[in-house]
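Enquirer: The amino acid sequence is not available; the structure is as follows:
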């Protein structure tokens, strides 16, 4: 649901999907309006907020997590801004959301087609023929690239963590000698 804390756009629709007794957690980058949204929900300025900076970037105002209970029984967890959000393990969701592109890719000449420059790429052919919009293709490629980036980052981190764990174990073993 698209929301605007400034105009109130989408606010009524948002309230209709909230269920009393449920807990909701607001996640997002700094300055996107998480605390402002909660202030709007409770009808007063209970949480500190700051205006977006002159550069258009948010500022870190919320320093800790906080549970807020609304009059109607819904609970919200306000969190500090995230420096980075990733799409770890999102490939199944991306594939389901872009089933048309996945289906087209089955007709590509190469099984490992990247859908960027290969000859006989069914996805690129569909764009040329007007059967697939460039915007949809661009969104798919962007999400796929992000997902691959975060998958690799996660795997690299795990590999480094395991290597460090082995190093610590070796050092402890050698200290006993």
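Expert: Right, received. Where do you want to start? This one's a predicted model, so the numbers in the text were calculated from it and none came from an experiment.

Enquirer: which regions of this structure sit below the pLDDT cut-off?
Expert: 30, 44, 46-65, 81-90, 153-154, 177 (pLDDT under 70).

Enquirer: Now do the domain split for it, please.
Expert: 11-78, 91-176 (automatic domain parsing).

Enquirer: Reformat those as a markdown table; add distance to residue 3.
Expert: The C-beta positions use only the backbone N, C-alpha and C, and glycine is treated the same way. Shown next, in a markdown table, are these (distance: least, C-beta to C-beta, whole Å):
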| stretch | distance to residue 3 |
| --- | --- |
| domain 11-78 | 6 |
| domain 91-176 | 21 |
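
Enquirer: which helices and strands does the lengthiest helix in the chain pack with?
Expert: Ranked by number of residues, the top helix in the chain under DSSP state H is helix 134-176. If contacts are counted by 3 or more C-beta pairs under 8 Å, 6 or more residues apart in numbering; DSSP states H and E, helix 134-176 sits against helix 91-97, helix 99-105, helix 122-128.

Enquirer: Turn these into CSV, including distance to residue 171 and mean neighbour count.
Expert: Putting those into CSV (distance: least, C-beta to C-beta, whole Å; neighbours: other C-beta atoms under 10 Å) gives the following:
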stretch, distance to residue 171, mean neighbour count
helix 91-97, 38, 13
helix 99-105, 48, 16
helix 122-128, 51, 18
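
Enquirer: returning to what we had before: how far does the longest helix of the chain sit from the chain's center?
Expert: 17 Å (C-alpha atoms, centre = their mean, to the nearest Å).

Enquirer: again with stretch 8-25
Expert: The answer for stretch 8-25 is 20 Å, by C-alpha atoms, centre = their mean.

Enquirer: And stretch 117-128, by the same measure?
Expert: Remark: stretch 117-128 is offset 29 Å from the chain centroid, using C-alpha atoms, centre = their mean.

Enquirer: what does it contact?
Expert: With contact meaning C-beta atoms under 8 Å, 6 or more residues apart in numbering, stretch 117-128 is reached by 101, 104-110, 113, 115-116, 132-134, 137.

Enquirer: residues near the closest residue to residue 94 other than its chain neighbours, how many?
Expert: Spatial nearest neighbour of residue 94, excluding adjacent residues (C-beta to C-beta, 6 or more residues apart in numbering): residue 143 at 5.1 Å. The burial count assigned to residue 143 is 17, neighbours taken as other C-beta atoms under 10 Å.
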